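Novice: my questions concern the predicted model and sequence given below.
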Amino acid sequence: MITCEGLVKIYKSDDLEVVALQGLNLNVRDGEMMAIIGNSGSGKSTLLNILGGLDRPSAGQVHVGPWDLLKITEEQLVAYKRDTVGFIWQSNARNLLPYLTALENVEMPMMLSSRLDRTYAKQLLEWVGLKERMHNKLHQLSGGEQQRVAIAISLANRPKLLLADEPTGSVDTATSDLIMNIFRRLNQELGITVVIVTHDLSLASKVDRVVAIRDGLTSTEFVKRNPNLDNVQQNGDGAGQGEGEGGIHAIHEEYVVVDRVGRLQIPKAYLTALQITDRASMEFDGERIIISPPKSLEG
Ligand SMILES: Nc1ncnc2c1ncn2[C@@H]1O[C@H](COP(=O)(O)OP(=O)(O)OP(=O)(O)O)[C@@H](O)[C@H]1O
């Protein structure tokens, strides 16, 4: 569904250049539900905005389905945004019209693309658990309910890919679980590919794969050892909920990402611990590759 290769995004202002993505590689399979994690400023939102057609890449390759987002024309971009992707932001103010009802909000994107389908709009609101509240105006709904309306809106034009930027950032844990369960259902039952950007590691247990971004590059990947673990947890097993790195390791296997030409990122902490600066020694013993501080030149 998504292929990024050597993706670069440079923001230029008068006297400043910020390289937000420095040649990022990422593959997302059709029908996958995955998360992208990273610290503030690592380039997560930049990546999501490019995938959502809200921002243009500077260089590299980025394909979503049949679309080449580097070469796409402005007109094609409008069709892409309307038909292929659905977008959810942390702050639902960007998705919602407060003076309309929940149902009218979901119908709005349908009307804008001349494809009003009231039955489907109602079905979507039922999907997100708002059947009883669809005729309420937005200000009569709680923040969590508004976020669920935003999910229904993002699905109005039947996208194949759902992009969510910190979708649970401003809701409590119970609502966050509810939203993640909605994503899982959309993914399993409608086959929608879901990409969630977050800095919240506790969401990791709810997805199949987590890709970590550091300094505008994919660095580490966490793949779930047992995909059925998700269900176990929802039944109250509890492991991996609301915790830090320990939790992610309990459920996922960690891998370092190696790009097509064999480059990988070594965490700064490892380099510092071994006092490796600009060069290292590398040995292959037939089974492992061992990276160590450079051997003394005199020795
Ligand atoms: N429109 C812009 N103009 C200039 N620089 C930008 C712009 N948008 C983002 N950046 C810079 O690009 C880098 C990556 O930002 P980005 O918002 O993608 O990070 P992020 O990982 O999503 O962070 P956060 O979790 O805080 O949202 C940052 O250094 C940021 O300051």
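Specialist: Good, I have the coordinates.
Novice: for the residue in the stretch 151-299 of the chain that the ligand sits nearest to, what are its contacts?
Specialist: Per CB to the nearest ligand atom, the residue of the stretch 151-299 of the chain with the smallest distance to the ligand is residue 199, at 5.5 Å. Every residue, glycine included, has its C-beta placed from N, CA and C. Contacts for residue 199 were tallied using CB atoms under 8 Å, 6 or more residues apart in numbering; they are 37, 38, 39, 40, 44, 166.
Novice: distance of it relative to residue 174?
Specialist: For residue 199, the distance to residue 174 equals 20 Å [CB to CB, to the nearest Å].
Novice: rewinding a little: just the pLDDT for the residue of the stretch 151-299 of the chain closest to the ligand.
Specialist: On pLDDT, residue 199 comes in at 81.
Novice: do you know how far it is from residue 221?
Specialist: Taken as CB to CB, the span from residue 199 to residue 221 is 17 Å.
Novice: which non-adjacent residue is nearest residue 56?
Specialist: residue 50 (7.2 Å; CB to CB, 6 or more residues apart in numbering).
Novice: tell me the helices and strands packed up against whichever strand or helix holds that neighbour.
Specialist: Taking DSSP states H and E as the criterion, residue 50 maps to helix 44-51. With contacts taken as 3 or more CB pairs under 8 Å, 6 or more residues apart in numbering; DSSP states H and E, helix 44-51 sits against strand 2-12, strand 17-28, strand 33-37, strand 59-64, strand 161-165, strand 193-198.
Novice: what is the last one packed up against?
Specialist: It refers to strand 193-198. For strand 193-198, the packing partners by 3+ CB pairs under 8 Å, 6+ apart are strand 33-37, helix 44-51, strand 161-165, helix 173-190.
Novice: in CSV, list the ones you listed along with distance to the ligand and mean neighbour count.
Specialist: Shown next, in CSV, are these (distance: least, CB to the nearest ligand atom, whole Å; neighbours: other CB atoms under 10 Å):
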stretch, distance to the ligand, mean neighbour count
strand 33-37, 9, 24
helix 44-51, 3, 24
strand 161-165, 8, 24
helix 173-190, 17, 17
